[in-house]
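1. Sequence first, then the predicted structure, then my questions.
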Amino acid sequence: MKLWALITSVLLSSLICFPAVAAELSYTDTDRATVRVLALGQVDVEVFEHDEVKYPVAIPLAGHGSGVLISSDGLILTAQHVVADSRSVAVMVSGFPKALPAVVVFQNPTSDVALLRVLGTYTHVAKLADASAPLAVRQTVFAIGYPLDARRTDPQSTQGIVSGLLPDGSLQLGMNVNPGNSGGPVVDEEGLVRGIVVARSRVEEGAVGLAYAVPVDRFTGPVNLYQTKPLPSDKQRYLGSNSAQRLASLTQLMSQFGLEVLEASLSGENLEVDASLKQSLDDSSDGIHASVDGRLMSAAMHWNQALVGRARGDSEWQKAQLRAVQLAKQAAALEPALRKDSKFIQIALNLDGHWKEFQTALGPPVDGYSTSGSQLEDKEPPTPSRWERLRPLRWFVGAEFAPTQLFLSWSQEVRGTRSPIKGDTDLYMPSWGARAGLHFGHQLGGTVGVEFQRGSTSFECGDNCGFGRNVEWEQTLVGPFAGLRVSNFYAAGKLLHISASDGEERDDLFQLSGWALGFDVGLVIEFEHIGLGLTGGMYWASGEASRGNSFATVDYTTELFARHLSLSVEGSI
């Protein structure tokens, strides 16, 4: 039997698929409160031997269980073993199309209970039974969950009875449950949660038709505590971040399609099993949104393709192996603990001579990894390339407050005379404005858009006007700008049309209409979809006008120089 067929048959031997049947069913609040809990773990290694050659196959560990929402603000009860050793946890809530990122806020391996948090407000919430309310032997109970297929969108229910108590106080139930039921609620006929499923009968030991659950009194205390305990700020920020949502999507897709992708990688085919999964793997392993977990999963896929390609005599196998090693190297540089905790990383990077055992299957080490892992000790985390630093265009709109210092000078001359009236002043003017446009790039990028700004102030003209009075100065600026962004540093030039005049609209020299040329420099700091800016800038403008009547013609000249400090806030899409 060929290598890829041998490995695939072993890995898929326990996979059983059931056809989906569409039906119209009604569900209670407790049913709708039951959620899928998806977990993404390490990349394990399983050794297969074929023709006396050992092949270390990478096995991404991803699985799913069940859980139940027990508060409207996103507290979820599940079994601890469902999320144990997970690198990422996501939750699929009934009625929500996307996986939601989740964090573990409490876990007790002894009682096999864990509590998760997701962001949001939820209508369907399960109620816990009174911990002191007794259960009766042969009382009817139901287990709710998502057994077997992680792609099912509705929960399934299984009926059974209370068989008795185990010596440790756990519930023994007379019912059949399956992989995926773990962590799901056990409810009575009133829909109250009486426990959570933690294990099924061991068929290999001859036990069938049994299930085991943690009773409600084991988790009432933690639930009461964490229903009122606020989520730490760092976990709150993580759950609301783009990176958390991307990792949740990868966790969902690996849980649902990971086995198919593993099969594709072992068959030597391209990873086209599911387009969304391939895109998620690409996004998670390359560019500015790449994560450690994304690199690990992609490294595993390329690693297996290299193994099968070499066994088949494919000349392209070294490219796949090199890509796997590069991704593994990047993951280890970003998370050094992987060099000790992950056998896959140790083999892929030839740490402590792990290549020797599989030398025939893997060929000579690639990318210079022929010694121990000391090569990685002084390595900096990988720096994205110039193209990786570019990101898609993003629309933005923002508001700004710009305290401005104006230097205003003017002259008024009646033609035919030799003594024009001249004057100047400097004054402070508060300005408000708005900006909209496009951002592109990340560490290196640019900005283009349109700016609007308006301000007003007043000053005493005095004798310089020839007829001393108070001037109400009002001005409006609007026009395009374009700038360069390097990390958080921002610099831009702008061409703004200015329209300014005395608020009394008197027919005199205090009018200015023309173009202002200026620039801004400063810092812009982004937090996901929100950006805060602190910039300083200047602009210049001048204008001339002539007015005449039957007695005389008067020439007006106005010049304006302004410098300002701008505080801005913007949102991007």
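-> Yep, it's here. This structure is a prediction, so every number in the text was calculated from the model and none was measured.
2. contacting residues around the nearest residue to Glu559 once chain neighbours are set aside?
-> Counting by C-beta to C-beta, 6 or more residues apart in numbering, Ser542 is the residue found nearest to Glu559 once chain neighbours are left out, at 4.4 Å. All C-beta atoms are positioned from the backbone trio N, CA, C, and that covers glycine. Contact analysis of Ser542 by C-beta atoms under 8 Å, 6 or more residues apart in numbering lists Leu512, Gly514, Thr557, Thr558, Glu559, Leu560.
3. cool, Leu517 as well?
-> With the criterion set at C-beta under 8 Å, 6+ apart, Leu517 makes contact with Gly493, Lys494, Leu495, Tyr539, Trp540, Ala541.
4. Okay, buried residues for stretch 51-66 please.
-> Buried residues in stretch 51-66, defined by neighbour count with 16 or more other C-beta atoms under 10 Å: Tyr55, Pro56, Val57, Ala58, Ile59, Pro60, Leu61, Ala62, Gly63, His64, Gly65, Ser66.
5. Who is the nearest residue to Arg138 once chain neighbours are set aside paired with across the strands?
-> Spatially, and ignoring its direct neighbours in sequence, Arg138 is nearest to Ile161 (5.1 Å; C-beta to C-beta, 6+ apart). Beta-bridge partners for Ile161, by DSSP bridges, are Thr140, Gly174.
6. Just give me the neighbour total for Ile161.
-> For Ile161, the neighbour count with other C-beta atoms under 10 Å is 14.
7. Distance of it relative to Ala482?
-> For Ile161, the distance to Ala482 equals 73 Å [C-beta to C-beta, to the nearest Å].
8. Helices of this protein, residue ranges please.
-> Taking DSSP state H as the criterion, the chain carries its helices at 3-12, 29-33, 80-83, 220-228, 233-239, 242-266, 275-285, 292-312, 317-334, 338-341, 343-348, 359-362.
9. on contacts alone, who are the packing partners of the second one?
-> Packed against helix 29-33 by the contact rule (3 or more C-beta pairs under 8 Å, 6 or more residues apart in numbering; DSSP states H and E) you find strand 53-69, strand 185-187.
10. Recalculate using a threshold of 10 Å.
-> strand 53-69, strand 140-145, strand 156-165, strand 185-187 (3 or more C-beta pairs under 10 Å, 6 or more residues apart in numbering; DSSP states H and E).
11. Put the alpha carbons of it into PDB.
-> Taking Å, rounded to 0.1, in the frame of the first residue of the first chain, the C-alpha atoms of helix 29-33 are listed here in PDB:
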ATOM      1  CA  ASP A  29     -34.100  28.600  25.400                       C
ATOM      2  CA  THR A  30     -31.900  25.900  26.900                       C
ATOM      3  CA  ASP A  31     -31.500  24.200  23.500                       C
ATOM      4  CA  ARG A  32     -30.500  27.600  22.000                       C
ATOM      5  CA  ALA A  33     -28.200  28.400  24.900                       C
END
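12. which residues of the stretch 301-450 of the chain score low on pLDDT?
-> Per-residue confidence for the stretch 301-450 of the chain (pLDDT under 70) gives these ranges: 352, 364-393, 415-419, 441-443.
13. I figured Val177 hits Pro185, correct?
-> No. Using C-beta atoms under 10 Å, Val177 makes no contact with Pro185, being 12.0 Å away.
14. Of those two, which one has the most company?
-> Between Val177 and Pro185, counted using other C-beta under 10 Å, the more crowded position is Pro185 (32 against 26).
15. ok, now which ones touch the more buried one?
-> Pro185 makes contact with 30-31, 33-34, 66-70, 77-78, 126, 128, 141-145, 155, 191-197, 213, 216, according to C-beta atoms under 10 Å, 6 or more residues apart in numbering.
16. The same query, at a cut-off of 6 Å, please.
-> Going by C-beta atoms under 6 Å, 6 or more residues apart in numbering, Pro185 touches Val68, Ala126, Ile144, Val193, Ile196.
17. what's the answer for Gly531, then?
-> Val524, Glu570.
18. Quick check: beta-bridge partners of it?
-> Under the criterion used (DSSP bridges), Gly531 bridges to Glu526, Glu570.
19. picking that back up, with the buried residues of stretch 51-66 in mind, which one is nearest to Leu477?
-> Ala62 (55.3 Å; C-beta to C-beta).
20. Quick check: closest non-adjacent residue to that closest one.
-> Nearest to Ala62 is Met254, by C-beta to C-beta, 6+ apart, at 4.1 Å.
21. Could you do Gln511 as well?
-> Nearest to Gln511 is Ser501, by C-beta to C-beta, 6+ apart, at 4.5 Å.
22. Hmm, that neighbour is touching Gly543, no?
-> No. Counting by C-beta atoms under 6 Å, Ser501 stays clear of Gly543, with 10.6 Å between them.
23. what's near enough to touch the residue nearest to Arg138?
-> Arg138, Thr140, Gly174.
24. looking at those, which has the most residues close by?
-> Gly174 (15 neighbours).
25. residues contacting that residue?
-> Gly174 touches Gly160, Ile161, Ser163, counting by C-beta under 6 Å, 6+ apart.
26. ok, so what distance separates it from Val397?
-> 61 Å.
27. My read is that Lys54 contacts Val47, right?
-> Yes. The criterion here is C-beta under 6 Å, and Lys54 meets it with Val47 at 5.4 Å.
28. where's the residue nearest to Arg138 relative to Asp188, distance?
-> Distance from Ile161 to Asp188, by C-beta to C-beta: 11 Å.
29. from the contacts of Ile161, which is closest to Val104?
-> Using C-beta to C-beta, the contacts of Ile161 come closest to Val104 at Gly174, 31.3 Å.
30. And the residue nearest to Leu173 when sequence neighbours are not counted, what's its pLDDT?
-> Distances taken as C-beta to C-beta, 6+ apart place Ala211 nearest to Leu173, at 4.4 Å, with adjacent residues excluded. We have a pLDDT of 90 for Ala211.
31. residues near Ala211, how many?
-> 25.
32. pretty sure it is touching Val177, no?
-> Yes. Under the criterion of C-beta under 6 Å, Ala211 makes contact with Val177 at 4.5 Å.
33. list residues touching both of those two?
-> In contact with both Ala211 and Val177: Arg200, using C-beta under 6 Å, 6+ apart.
34. Rounded mean pLDDT for stretch 43-51, please.
-> 81.
35. Just the C-alphas of that stretch, formatted as PDB.
-> What follows is stretch 43-51, C-alpha atoms only, in PDB (Å, rounded to 0.1, in the frame of the first residue of the first chain):
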ATOM      1  CA  VAL A  43       0.700  20.100  16.300                       C
ATOM      2  CA  ASP A  44       1.500  16.500  17.400                       C
ATOM      3  CA  VAL A  45       3.700  14.000  15.600                       C
ATOM      4  CA  GLU A  46       2.700  10.400  14.800                       C
ATOM      5  CA  VAL A  47       5.300   8.100  13.300                       C
ATOM      6  CA  PHE A  48       4.300   5.800  10.400                       C
ATOM      7  CA  GLU A  49       6.600   3.100   9.000                       C
ATOM      8  CA  HIS A  50       6.400   2.200   5.300                       C
ATOM      9  CA  ASP A  51       9.000   0.000   3.500                       C
END
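36. Mind listing what's buried along that stretch?
-> Val43, Val45, Phe48, His50.
37. Could you list everything the second one pairs with in the sheet?
-> For Val45, the beta-bridge partners under DSSP bridges are Ala58.
38. repeat for the last one
-> The partner list for His50 in beta bridges (DSSP bridges) reads Val53.
39. Tell me how far it lies from Phe401.
-> Counting by C-beta to C-beta - His50 and Phe401 are separated by 70 Å.
40. same deal with the third one?
-> Relative to Phe401, Phe48 is positioned 66 Å away (C-beta to C-beta).
41. picking up where we left off before, what's the closest of the contacts of Pro185 to Ser487?
-> Taking these together and measuring to Ser487 by C-beta to C-beta, the closest member is Val68, at 44.8 Å.
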